[in-house]
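*Asks:* Task: produce atomic coordinates for the following.
(chains A, B and C, ligands or ions: 2)
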Amino acid sequence: MIDTLRLTAEDAAGLLERGEASGDELAGAYLDAIEARDPELHAYLHVVGEQGEGVPIAHKDVITTKGIPTTAGSKILLGYTPVFDSTVAARCKEAGLPILGKTNLDELAMGSSTENSAFGPTRNPWDPERVPGGSSGGSAAAVAGGLAPWALGTDTGGSVKQPASLCGVVGLRPTYGTVSRYGIVAFASSLDQVGPLTKTVRDNARLYEIIAGQDPCDSTTVELPEPVAIPEGEDLTGVRIGVPKEMNEAEGIDPGVSASVNAAIRLAEELGADVEETSLPRSVDYGLACYYLVAPAEASSNLARYDGVRYGHRAAVDGDLTALYARTRWEGFGAEPKRRILLGTYALSAGYYDAYYGQAQKVRTVIAREHAAAFERFDVLVSPTSPTVAFRIGEKAENPLAMYLSDLLTIPANMAGLPGLSIPCGLSDGLPVGLQLIGPQFSENALFRVGHALERALGFDFVPERLR
Amino acid sequence: MAITREDVLHVAALARLEIPEGEVEGVREQLGAILEAVGKVSELDLADVEPTSHPLDLVNQWAEDEPRPSLPREEALANAPDPADGSFRVPAVGG
Amino acid sequence: MNGWEPVIGLEIHVQLKTRTKMFCRCENVWGEEPNTRTCPVCLAHPGTLPVPNKTAIEWTVKLGLALDCEIAERALFHRKNYFYPDLPKGYQISQYDVPLCSEGRFVVPGPDGDREIGIVRAHLEEDAAKTIHVGGAAGRIHGAEYSLVDFNRGGTPLVEIVAKPDVRSGEEARRFLQLLRQTVIELDISDAEMEKGSLRCDANVSVRKAGEEGYRTKTELKNMNSFKFVADGIAVEVERQIARYQAGEEVMQQTLHFDPQTGTIAPLRSKEEAHDYRYFPEPDLVAVAPPADMVERARAEIGELPAARIRRLEAEVDLDLAYGLVTSGRDALYARVPGDDRRAVANVLMNQLAAAGVDPAAVDGAELGRLVAARETIPRQTFLDALGASADPDFTADPYLAETTVSDAAALDPVIDGILAANPGQVEAYRGGKEGLLGFFVGQVMKETQGKADARVVNERLREKLNA
Ligand SMILES: [Mg+2]
Ligand SMILES: [Zn+2]
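*Replies:* Residues are numbered from 1 along each chain as shown, chains lettered A, B, ... in the order given. Ligands and ions are numbered 1, 2, ... in the order given. Below you'll find the model as predicted:
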């Protein structure tokens, strides 16, 4: 009997390698788990159940899959079946990973709770009354709930790291440019990155290895400067860890979250790391505002292609083309995408560009410089991933600004194009707390090393308590 | 500078979003609140700072001028809401 | 113009004849079945990304150098956002504040010497798709029932050249355009055919009092699809504006359409909303920094420019013939044809040889020179036959030169008398004052002698006999 709640992707690969399970048996076990638990969790929008000989995978439904519907959680793409594969889906296919299904998300990856899905929210496997985070909430919940051994998500402002944190799993947002965005339904092009959600750091490194590397279809990608190293060992001797005080003392961080994070930091010291306080004053103060100008501006342009001409939803209109566009888009997009399209259009429009979008791009420079300065002294910066543990469904649904604060701590590194890894570091009120590790560009191996060492030392049990 | 009803309608027209009359005021209030929050970026004096439009400092990422197969027409039109005569049909512009 | 000076700024779009499109590798071909040269990228499917065509960039640099432009060290692509069904992404990838080429100049020889037209910029962008308007009058937008969009053309590399308002007449605009067309053809980067739309021209027209500083209100003349229409359209618009000012009226800023059929100008329907393109740097693309070897290779491929050749030729033939030779690509043959009467050589090349439809590149200049020299002494039909055969591989003038014209009056008189006798009505009419009938009689004689009669002698004899 395969226990999908406990099984890591490495474990699953071992079963296949040793002939203790066939690919079909393995996928079958996950499909059974999906049948049993997904009606409650709603991690999946579309169960595919491909046959194959590798460790199966779930893709966030912004990841284009040829012949398999891809909705991005939006009605605007209802009925759309891609005629091509995204590069990451193609790489997983080449690596022999059959697709279990497409996971739920905040519509068009806009949100931090997966409540913005046009097809209903996903629930947190640790507490179904609570959100799994977002926007990759379906992928995080699928991994945490034993409905997939590993999954891909996308992270623009924190959409891999934050749901990983809220669901007690490991999530990597890679260095911008290391993973192809070709075939990823675009939200904010200069920020979007695909990242793995897994139960362990080693699983994460293995999946990152499969998807990373330059892609001729994405001219913003680069070759990795060094091969991915699967981490081993617990020693952190010589690792210089910085603790930015603004990110650890920010207003709104739950005391329980701080306690867990601080314990993890002390543990890192015990493992041999040099830990010192540091500061990223303007990154935290201005990061959120900067993000909520840059991302909506790019989104307003990226979402212009949804016009009902070539694919997707088209309103039944008895009018001219302008009426068709305006009705199609009002009907097809949910509240959050519409809000961001309007905001982004405003930020780019004549007379406002310099004050909003132009200024935000300059703040972005400031944030990148602050981080670069910190990385002259440190290998890794640490903070909570999310200021809070999983919140209740509906709790922030009516207040966009409160919801936006969920990404307060994940955004600064994203604005600078830096990699970040979230690992579970304990519980607060019975809910997982995430520790965010940030490194300079292309430092994924260092993040994996530190994350793996802490993961081993922390001994966090990733199976949700109520399902053990 | 508070966002006005006219601003909302102008931006909605630019973005091709048809806000129903009854929702304009609600949209204006929400946008106003968000704009006030993000307007924080103007607190910083960044006159001498270069803008960052891209996280990586790359140049000259391009492809050679070598053709690759196009889609068969059936596939190009497979998702079209209103295909006609091998093309994508739309209502007349301003008709 | 009685004291008024036209001020004309030209904007020219040139489609590049690269093998593939600007941002995807679909074939860049003309005239195929609709929507058979498309892919997810040029149909703007979700998640697709542009990858620039290196050759298009190099060719734009080459054109920039030919226009004496500065080549940007680091050019950017921007997004120009607007909705239209021929624009699948909802934005055109173009260049904005840092185009590839800027601050150039283009010399246009004219009757009063060289005129130097400033070039503001030459930038690279992608062309829109083709929209066919169905129903209504003759495929025009107005009154159409619906439109069909064909994305084959969508994404063709397009160079936009913006000239300073230095042009002073419709004729000068035509010469500018003809020279520019010949330049891009010789650079081997475009077919530049106005009828096919691979060369398109808009003109901004205003007038001012001679000596007046600054500019008055300008109008925009759109899509004039032949050199003649450009010259005529501008001339008509200039007259219209002068007439308005002289009548004490103002000129309104508007976009106009020139109807070559009627020679009149009418406003295009104005869009209901002001343009706000919300330009911002294209986040899916990185900067272009043309490498030194690319620039040098491009520079090395530029031969002597058409304007310089026109200036040299103008000393031998007149300005119109010089333009004709150079802009028809016949000046290379002209240079290979010996002979003292240069105007005669030029006239033969531009008239009879052109009418014969032979390829100038295949003609032996020396042999052609012998023919031109003998054009008065060999029968006219023989001369034309020889020109028709002049591009044959083994062509020699000898057999044609052996034939001589019949110039002996004694031999011609019987023929002439016979024709006058056979056409008593025409003879009477001629003698009654219709002297234009002389040509008719000459034609009859030539016909009777199979073109071998000496036209000068025939004319003389006919006149004598008719006036007798
Ligand atoms: Mg243009
Ligand atoms: Zn294409």
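*Asks:* Restricting to C-alpha, output stretch A:401-419 in PDB.
*Replies:* Extracted C-alpha coordinates of stretch A:401-419, given in PDB (Å, rounded to 0.1, in the frame of the first residue of the first chain):
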ATOM      1  CA  LEU A 401      -5.100  45.800   0.600                       C
ATOM      2  CA  ALA A 402      -5.100  43.400   3.600                       C
ATOM      3  CA  MET A 403      -4.700  40.500   1.200                       C
ATOM      4  CA  TYR A 404      -1.800  42.200  -0.500                       C
ATOM      5  CA  LEU A 405       0.100  42.300   2.800                       C
ATOM      6  CA  SER A 406       0.400  38.500   2.700                       C
ATOM      7  CA  ASP A 407       3.300  39.100   0.200                       C
ATOM      8  CA  LEU A 408       5.000  41.800   2.200                       C
ATOM      9  CA  LEU A 409       8.100  39.600   2.900                       C
ATOM     10  CA  THR A 410       8.300  37.700  -0.300                       C
ATOM     11  CA  ILE A 411       8.100  40.700  -2.700                       C
ATOM     12  CA  PRO A 412      11.400  42.500  -2.100                       C
ATOM     13  CA  ALA A 413      13.600  39.600  -3.300                       C
ATOM     14  CA  ASN A 414      11.300  39.000  -6.200                       C
ATOM     15  CA  MET A 415      11.600  42.700  -7.300                       C
ATOM     16  CA  ALA A 416      15.400  42.100  -7.400                       C
ATOM     17  CA  GLY A 417      15.100  38.900  -9.400                       C
ATOM     18  CA  LEU A 418      16.600  36.900  -6.500                       C
ATOM     19  CA  PRO A 419      15.900  33.300  -5.700                       C
END
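*Asks:* Can you point out the buried residues in it?
*Replies:* In terms of neighbour count (16 or more other Cβ atoms under 10 Å in any protein chain shown), stretch A:401-419 has its buried residues at A:403-419. To be clear about C-beta, it is placed using only N, CA and C from the backbone, and glycine gets the same treatment.
*Asks:* likewise stretch C:145-160?
*Replies:* Here stretch C:145-160 shows C:146-160 as buried, counting by 16+ other Cβ under 10 Å.
*Asks:* mind listing what the longest strand anywhere in chain B pairs with, with the direction of each?
*Replies:* Longest strand in chain B by number of residues (criterion: DSSP state E): strand B:87-91. Under the criterion DSSP bridges, strand B:87-91 sits next to strand B:83-84 (antiparallel), strand C:146-150 (antiparallel) in its sheet.
*Asks:* a markdown table please, covering these and showing mean pLDDT and distance to C:Gly110.
*Replies:* Shown next, in a markdown table, are the strands paired with strand B:87-91 (pLDDT from 0 to 100; distance: least, Cβ to Cβ, whole Å):
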| stretch | mean pLDDT | distance to C:Gly110 |
| --- | --- | --- |
| strand B:83-84 | 96 | 50 |
| strand C:146-150 | 95 | 41 |
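*Asks:* mind putting these in CSV, distance to C:Leu285 included?
*Replies:* Formatted as CSV, the strands paired with strand B:87-91 follow (distance: least, Cβ to Cβ, whole Å):
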stretch, distance to C:Leu285
strand B:83-84, 31
strand C:146-150, 25
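*Asks:* Spatially nearest residue to the most centrally placed residue in chain B (excluding sequence neighbours)?
*Replies:* Among the residues of chain B, B:Ala15 comes closest to the average C-alpha position under Cα atoms, centre = their mean, at 6.5 Å. Using Cβ to Cβ, 6 or more residues apart in numbering or on different chains and skipping the chain neighbours, the partner closest in space to B:Ala15 is A:Thr345 (4.5 Å).
*Asks:* With A:Ser113 instead?
*Replies:* Using Cβ to Cβ, 6+ apart, the nearest residue to A:Ser113 is A:Val131, at 3.9 Å.
*Asks:* so what's the backbone phi/psi at that neighbour?
*Replies:* phi -80, psi 160 (degrees, to the nearest 10).
*Asks:* does it really touch A:Asn116, like I thought?
*Replies:* No - with contact defined as Cβ atoms under 8 Å, A:Val131 and A:Asn116 do not form a contacting pair (10.5 Å).
*Asks:* Which one's more surrounded, the two?
*Replies:* A:Val131 (31 against 25; other Cβ atoms under 10 Å in any protein chain shown).
*Asks:* Thanks a lot, see you next time.
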